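Chemist: no sequence for this one, just the structure:
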């Protein structure tokens with residue numbers, strides 16, 4: 001259950017931001033989460049609620065923007081959607097080569113903190 005440790009760090013950042021800016025209440029937190037981060041939305045929400053209790057973030061809403069997996073061909077640099085669960089999508093659609101790198105889907109960042 002890595003969601004708890006991930007969100008613990010997020011809440012720490014949010015609270016430091018709030019304290020440094022004399023914020024009385026945090027309304028929402030928006031995260032950008034890559035598909036390969038393999039987090040469960042419901043568990044993220046539960047951990048968020050638990051960690052925010054008794055803080056100025058306690059009534060905040062957690063929003064998560066998911067970033068789908070995209071691969072990039074090493075030679076031609078073509079970027080295309082891929083699905084780790086479907087190996088046939090892990091091939092360059094232009095040349096059929098399998099020498100790829102992950103272009104997106106490892107992201108995890110705080111996009112915004114809405115305050116009152």
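Modeler: All right, it came through fine. Everything quoted here is computed from the prediction, not taken from an experiment.
Chemist: Can you tell me how far the closest residue to residue 94 other than its chain neighbours is from residue 71?
Modeler: Sequence neighbours aside, residue 78 is the residue nearest to residue 94 in space, at 5.4 Å (criterion: C-beta to C-beta, 6 or more residues apart in numbering). (Glycine included, C-beta is placed from N, CA and C.) According to C-beta to C-beta, to the nearest Å, residue 78 stands 9 Å off from residue 71.
Chemist: who touches both of the two?
Modeler: Common neighbours of residue 78 and residue 71 (criterion: C-beta atoms under 8 Å, 6 or more residues apart in numbering): residue 92.
Chemist: okay, which residue is most central for this protein?
Modeler: Of all residues in the chain, the one closest to the mean position by C-alpha atoms, centre = their mean is residue 33, 1.5 Å from it.
Chemist: and that residue, what are its bridge partners?
Modeler: As for beta bridges, residue 33 partners with residue 66, residue 108 under DSSP bridges.
Chemist: Please identify the pairing partners of the lowest-mean-pLDDT helix or strand in the chain and their relative orientation?
Modeler: In the chain, no helix or strand scores lower on mean pLDDT, DSSP states H and E than strand 100-104, which sits at a mean of 88. Under the criterion DSSP bridges, strand 100-104 sits next to strand 70-73 (antiparallel) in its sheet.
Chemist: Just checking the distance from the strand it pairs with to the centre of its chain.
Modeler: Relative to its parent chain, strand 70-73 has a centroid offset of 19 Å by C-alpha atoms, centre = their mean, to the nearest Å.
Chemist: Mind listing residues that contact that strand?
Modeler: 78-82, 90, 92, 94-95, 97, 99-105.
Chemist: Tell me, please, where in this structure the pLDDT is lower than the cut-off.
Modeler: For the chain, applying pLDDT under 70 flags the ranges 1.
Chemist: what about the strands in it?
Modeler: 26-34, 61-67, 70-73, 79-81, 100-104, 108-115 (DSSP state E).
Chemist: okay if I get the ones you listed as a markdown table plus distance to residue 43?
Modeler: Below are the strands of the chain laid out as a markdown table (distance: least, C-beta to C-beta, whole Å):
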| stretch | distance to residue 43 |
| --- | --- |
| strand 26-34 | 12 |
| strand 61-67 | 11 |
| strand 70-73 | 25 |
| strand 79-81 | 26 |
| strand 100-104 | 23 |
| strand 108-115 | 15 |
